[in-house]
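> pasting a predicted model and its sequence here:
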Amino acid sequence: MSWLLAFAGFAVLIILHEAGHFAAAKAVGMRVERFMLFFPPIVAKVRRGETEYGIGALPFGGYVKITGMNPAEEIPPEHAHRAYYRQPVWKRVVVIGAGPFVNIVLAFVILFCLFAFKGDAVSTNKVADVQRGAAATGVLRAGDQIVAVDGVRGDPARLRAQIGRHRCAATPPVKGCEATTPAKVTVLRDGRPQTLTITPRYDPQVKRMLLGFAFGYHYVPVPVRHAASRSVTGMWNVTTATVGAITRLFYSSKARHEVSGVVGSYETTRQSFQEDDIVLALQILALISLSLAIVNLFPFLPLDGGHIFWALAEKVRGRPIPFRVMEQASYVGFILVIMLFVVGLTNDIDRLRGDGFGVR
């Protein structure tokens with residue numbers, strides 16, 4: 001069931017993104033030839049009016065085909081006035097921007113509803129679960145309340161910091177290396193205090209020493225009037241982090257190793273559904289929807305941002321940009337998109353072969 005739910009979630013994101021392009025194109029009078037969920041080969045299709053609706057076999061996206069998207073396209077005279085490149089710049093910008101806009105609105109709606117009706121997740125000192133094969137396996141138990149680490153008391157952030165102060169012998173630290181000194185973890189179990197000895201291990205994904213357990217959390221109500229501002233703040237933080245991460249890809253090997261692709265996003269969502277954590281799954285889908293909008297708005301063809309960039313360039317120039325120039329620029333954009341896809345897919349495969357995708 002988790003596979004089906006994750007697939008449905010991704011399909012909804014794609015459908016709504018393309019529906020934004022579709023609805024905007026129809027609204028400004030452009031002729032939409034095809035509305036496609038996923039990429040060819042086409043599995044099923046049906047025609048309604050002037051538009052063909054279909055489902056492809058490759059679940060990597062979708063597209064809307066508007067008459068005249070290629071300036072060199074031969075268009076029947078009766079449809080020429082509705083062709084994409086025959087429209088004023090503002091109409092083209094509206095149509096192309098509608099897809100990312102829908103994803104941004106969807107992310108906001110999901111986050112707003114979670115804040116307004118569920119509340120804000122606040123960590124507690126209770127152990128929610130223990131990672132299989134981790135240092136804490138067989139020592140800590142779900143339900144244990146962490147009182148202190150090495151005598152240091154406090155909230156989960158302070159306890160994590162204390163665990164992170166332990167150092168392993170390897171320099172630089174390598175995956176799985178054990179700390180030179182064990183951590184003394186005081187817990188309340190069945191109402192009685194116990195002190196447990198656990199040796200932290202280094203995790204390169206988070207770049208610190210871990211025991212291998214997750215803190216629990218509870219929800220604190222958020223006033224509806226604050227839910228919107230919390231959602232906007234969270235979306236802005238994700239936007240700046242995403243733009244920064246993509247920028248670092250060009251000069252940082254560590255950043256390239258950290259990027260995730262379609263497989264990783266799908267698998268993380270699936271695991272959330274599998275654990276019956278619908279809130280976490282919705283949060284992940286909201287972040288994916290927002291990230292989809294951000295990436296699509298980068299000014300490189302064939303991304304949506306590339307079409308917007310060249311439309312605005314035409315407005316500034318006062319006359320159409322030669323198709324040859326846009327075509328050559330699209331080669332660069334296409335290579336960048338493929339590189340990002342390959343890097344993300346390679347990292348996802350490595351994670352699937354290794355420790356997998358931790359959703360907590």
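Thanks, I have it.

> only C-alpha atoms for contact and neighbour calcs from this point on.
OK.

> what ranges does the stretch 101-250 of the chain have for its helices?
If you assign secondary structure with DSSP state H, counting those that start in this stretch, the helices in the stretch 101-250 of the chain sit at 156-164, 224-248.

> which of those helices has the lowest average pLDDT?
Set side by side, the helices of the stretch 101-250 of the chain give their lowest mean pLDDT on helix 224-248, at a mean of 81.

> give the buried residues for that one.
Within helix 224-248, the residues that count as buried by 16 or more other C-alpha atoms under 10 Å are 227-228, 230-231, 235, 238-239, 242, 245.

> next: stretch 99-108.
Of the residues in stretch 99-108, those scored as buried under the neighbour-count criterion (16+ other C-alpha under 10 Å) are 99-104, 106-108.

> and residue 318, its phi and psi?
Torsion angles at residue 318 (phi, psi; degrees, to the nearest 10) stand at phi 90, psi 0.

> starting at the chain centroid, how far to stretch 38-56?
Centre-to-centre, stretch 38-56 and its host chain are 27 Å apart (C-alpha atoms, centre = their mean, to the nearest Å).

> who touches it?
Counting contacts by C-alpha atoms under 8 Å, 6 or more residues apart in numbering, the residues outside stretch 38-56 that touch it are 31-37, 57-63.

> what does stretch 120-136 contact?
If you take C-alpha under 8 Å, 6+ apart as the criterion, stretch 120-136 is touched by 137, 140-147, 155-156, 198-201, 210-222.

> show me those residues that map onto strands.
Per DSSP state E, strands hold the following members of the contacts of stretch 120-136: 145-147, 198, 201, 210, 213-220.

> in PyMOL, how would I select the buried members of those?
Typed into PyMOL, the line below selects the buried ones among the ones in strands among the contacts of stretch 120-136, using 16+ other C-alpha under 10 Å:
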select buried, resi 145+146+147+198+201+210+213+214+215+216
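
> from residue 68, how far out is the residue of the chain most remote from its centre?
If you look at how far each residue of the chain sits from its centre, by C-alpha atoms, centre = their mean, the farthest one is residue 77, at 42.9 Å. Using C-alpha to C-alpha, to the nearest Å, one gets 12 Å for the distance from residue 77 to residue 68.

> and for residue 118?
Using C-alpha to C-alpha, one gets 46 Å for the distance from residue 118 to residue 68.

> who has more neighbours, these two?
Between residue 118 and residue 68, counting by other C-alpha atoms under 10 Å, residue 68 is the more crowded of the two (22 against 14).

> ok, that one - contacts?
Residue 68 makes contact with 74-75, 80, 83-86 under the criterion C-alpha under 8 Å, 6+ apart.

> pretty sure residue 148 contacts residue 154?
Yes. Applying C-alpha atoms under 8 Å as the test, residue 148 and residue 154 come out as touching, 7.1 Å apart.

> so for those two, which sits in the more crowded spot?
residue 148 (21 against 15).

> could you find the closest non-adjacent residue to that one?
Among residues not flanking residue 148 along the chain, residue 186 sits closest, at 5.1 Å (C-alpha to C-alpha, 6 or more residues apart in numbering).

> okay, now the one you found: neighbour count?
21.

> now swap in residue 54 and tell me
Number of residues near residue 54 (other C-alpha under 10 Å) recorded here: 19.

> show me what it is bridged to.
According to DSSP bridges, residue 36, residue 45 are recorded as the beta-bridge partners of residue 54.
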